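*Asks:* mind looking at a prediction? Sequence and model below.
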Amino acid sequence: MRHTKLLLLLAFSLFCHTAIAQNQQQMKTFVDALMNKMTLEEKIGQLNLLTSGEVVTGSAVSTGVEAKIKAGQVGAMLNMTKVEDIRRTQQIAMDQSRMKIPLLFGLDVVHGYKTTFPIPLALSCSWDMDMIEKSARIAAIEASADGINWTFSPMVDIARDARWGRIAEGSGEDPYLGSKIAAAMVKGYQGNNFSENSNILACVKHFALYGAAEAGRDYNTTDMSHVRMYNDYFPPYKAAVDAGAATVMTSFNDVDGIPATANKWLMTDVLRKQWGFKGFVVTDYTAINEMIAHGLGDLQQVSALALKAGTDMDMVGEGFTGTIAQSLKEGKIDINTINTACRRILEAKYKLGLFADPYRNSKGDRTGDIYTAQNRLEARKAATESFVLLRNQQQLLPLKKQGSIALIGPLADSRENMTGTWSVSADITKHASLREALQKEVGSQVTINYAKGSNLTADSMLEINSTMFGRSLHRDGRSAAELRKEALEAAAKSDIIVAALGEASEMSGESASRTDIGIPDTQKELLAALVATGKPVVLVLFAGRPMTLVWESEHVPAILNVWFGGCEAGAAIADVLFGAVNPSGKLTTSFPQNVGQVPLYYGQKPTGRPLAGNDKWFTKFRSNYLDVSNEPLYPFGYGLSYTTFSYSDIRLSANTLSTGGNIKATVTVTNTGKQDGVEIVQLYTRDVVASITRPVKELKGFQRIALKAGESRQVTFTITENDLKFYNNELKYAAEPGEFKLFIGGNSRDVKETGFSLK
């Protein structure tokens, strides 16, 4: 029987490989025939991505688009969201261009389309891969219903500097967790294949190292060793490629002194030769043109550099269409390079099924797939899973539906800011504000006394810059004293205070770096005044990054970090505040005590002068600060619940791991509180002695478990040699024999510890 099953499996595998080979040959034959008919200008035209200007995501806007499409000078469009416009534009390409090659239509569908999910940093705090994949699947279904067939997502950049605004757009500081999320997002967007018209092309960004911009300043230079690249920053990109990502986007920064868009080592040696990527590479917005400012030459020179490096499509800059023909004539580039880039783009369109049906994503009426009640329920559930309870003294939360609540703060009644940055397709008029959601939740059971309390910040110009793209907080012209007086009056007649404070949605995201990552000045003054009333205060913190919260953590009894939770954020916050949902989110970025600690992350390298074994946080001639300890305020993996969990000691199945074998590590986790809850159990390792310095801890596994009050469960992790591999100084990926520490706990700091050896 076993032999028969094996034969059937082998036969099925052979059938699949044969079918794939046949499909590849059919695609090659089709593309060969097509390219044989194309002029040089039409081939270069396929490398050109223009913007409609309908959605603003960069500083340049394309002109003369329709004429260029008719002339075969456009391969793709971005920033179109109306299905009728997309169909009409596709019709121009199919009816009025010579070769009738269909266009791709791309959009930044970063955390949902019309149904907006929490920002990616928030989603990552759920540690829920099924939910994250589902969020991408819903985004793909909705976007494709409006004719979009390509998303510039997922952003998988590792980010360890909270000053960098685009930390909001990624999955945090850890390469292992980031890799899992990258693969889940790609699968959600693309499915198993492109036979369904609801599957769209994913675009992994930004390759590479964008999250390591110096000083946390967006678009800034990046400089690091190859060992760090391969071990810490490359893994999520590779995981996305391994998951089948169809496209990759270049980053703005330089790598080894060469801007990524023209970096042949990145785009060809690493991405294609080492990782086997078969799709096409697109630049970020005008990245080719920006290499002029980097100091690499004029537009003709930098365009040739980019194409020769392995970049296939030029986003908006039109450097390829404007200069590549001349570079070919002058012998600065060869026809094979042009043909290769053109082929990659045509193959993507073939795989997507556009040659069979150019209108597959823009025909029929699929409006019923968009912003459905079920999709909004999924977004609401995702938001509740993303919230992180940072503090809850005397079990202040959950709130009871009785008495009166003072709801105070500039973010308490701002529906425009609920969805967060990069929600370009969201209809912000449809989303309930926190005030509206709480009032709906409590009805007549609770009196809600609302006051704005303060503006976002004392600096009116900073507020304008922090509330762009229609996300205004409608600045109040009254003085800070008048606004605060009104808030204190609301607090005086209430039993409890809920303060909705923090960042506006556009205080994080692209081109939104900050040197001060605390709650803005006038809001902090408001919070201090509210705490001084003696009334219990719940801080509902809106944030797109880790923030500095030392004073808040010392004086505010309850802090619920809600990030930016998407279109259902208001209802989700109400669910958690009143206990319909027990919060389970865990941080995927370390929260610093102050900005001077950043970049800060749990997996740091040990130094030759560590503080280990010394209870004092400052010792002369040790690696520490004079004015603050090395520790984060809240560590990676941290998050409270309305219940409590305890961990037993770790039990190992063996003390020695041999090549080809495994060790099982088991703990018993018990819900020791009075409420049902979800715990995220985390496994870390440390390579004690190695050929290069290794991190003090590395995440190697995690499990989300639901436990009823009083329930215990054994949680087992299986560790193999593969879990212990790393890139050594020669960039060889291998595990080295020796001693290892193993940690299991509810966050990266509070863990049980044991050890084993690899032989």
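*Replies:* Everything's here; your move.
*Asks:* and the pLDDT at the nearest residue to residue 27 once chain neighbours are set aside?
*Replies:* Spatial nearest neighbour of residue 27, chain neighbours left out: residue 350 (5.1 Å); criterion: CB to CB, 6 or more residues apart in numbering. For glycine as for every other residue, the C-beta is placed from the backbone atoms N, C-alpha and C. On pLDDT, residue 350 comes in at 97.
*Asks:* ok, now the one 5 residues further on?
*Replies:* For residue 355, the model assigns a pLDDT of 97.
*Asks:* touching, it and residue 348? I think so.
*Replies:* No: the pair residue 355 / residue 348 is not scored as a contact, 10.9 Å apart, by CB atoms under 8 Å.
*Asks:* so between those two, which is more surrounded?
*Replies:* Each of residue 355 and residue 348 has its neighbours counted (other CB atoms under 10 Å); residue 348 has more, 24 against 17.
*Asks:* from the chain's centroid, how far away is the helix or strand that the more buried one is a member of?
*Replies:* In the assignment (DSSP states H and E), residue 348 maps to helix 335-352. How far helix 335-352 lies from its chain's middle: 28 Å, per CA atoms, centre = their mean, to the nearest Å.
*Asks:* re the thing from before, against residue 495, how distant is the residue nearest to residue 27?
*Replies:* Residue 350 sits 64 Å away from residue 495, going by CB to CB, to the nearest Å.
*Asks:* show me this protein divided up by domain.
*Replies:* Listed domain ranges for the chain are 1-33, 376-577, 643-758 (source: automatic domain parsing).
*Asks:* and these: which comes nearest residue 288?
*Replies:* Closest approach to residue 288 among the domains of the chain (CB to CB): domain 376-577, 18.3 Å.
*Asks:* quick one, what contacts the residue most central in space within the chain?
*Replies:* The C-alpha lying nearest the average C-alpha coordinate of the chain belongs to residue 170 (CA atoms, centre = their mean; 2.4 Å). Listed by CB atoms under 8 Å, 6 or more residues apart in numbering, the contact set of residue 170 reads 120, 121, 124, 155, 156, 157, 158, 159, 178, 211.
*Asks:* one more pass at 7 Å, please.
*Replies:* The contact partners of residue 170, by CB atoms under 7 Å, 6 or more residues apart in numbering, come to 120, 121, 155, 156, 157, 159, 211.
*Asks:* my read is that residue 387 contacts residue 587, right?
*Replies:* No: counting by CB atoms under 7 Å, residue 387 sits too far from residue 587 to count as a contact (11.2 Å).
*Asks:* between the two, point out the one with more neighbours.
*Replies:* Set residue 387 next to residue 587 and count neighbours by other CB under 10 Å: residue 387 wins out with 29 against 25.
*Asks:* from residue 251, how far out is the more buried one?
*Replies:* 30 Å.
*Asks:* same deal with residue 178?
*Replies:* 15 Å.
*Asks:* by contact count, what packs against the strand or helix carrying residue 525?
*Replies:* Under the criterion of DSSP H and E, residue 525 resides in helix 521-532. Applying 3 or more CB pairs under 7 Å, 6 or more residues apart in numbering; DSSP states H and E, one finds that helix 521-532 makes contact with helix 480-492, strand 496-502, strand 537-542.
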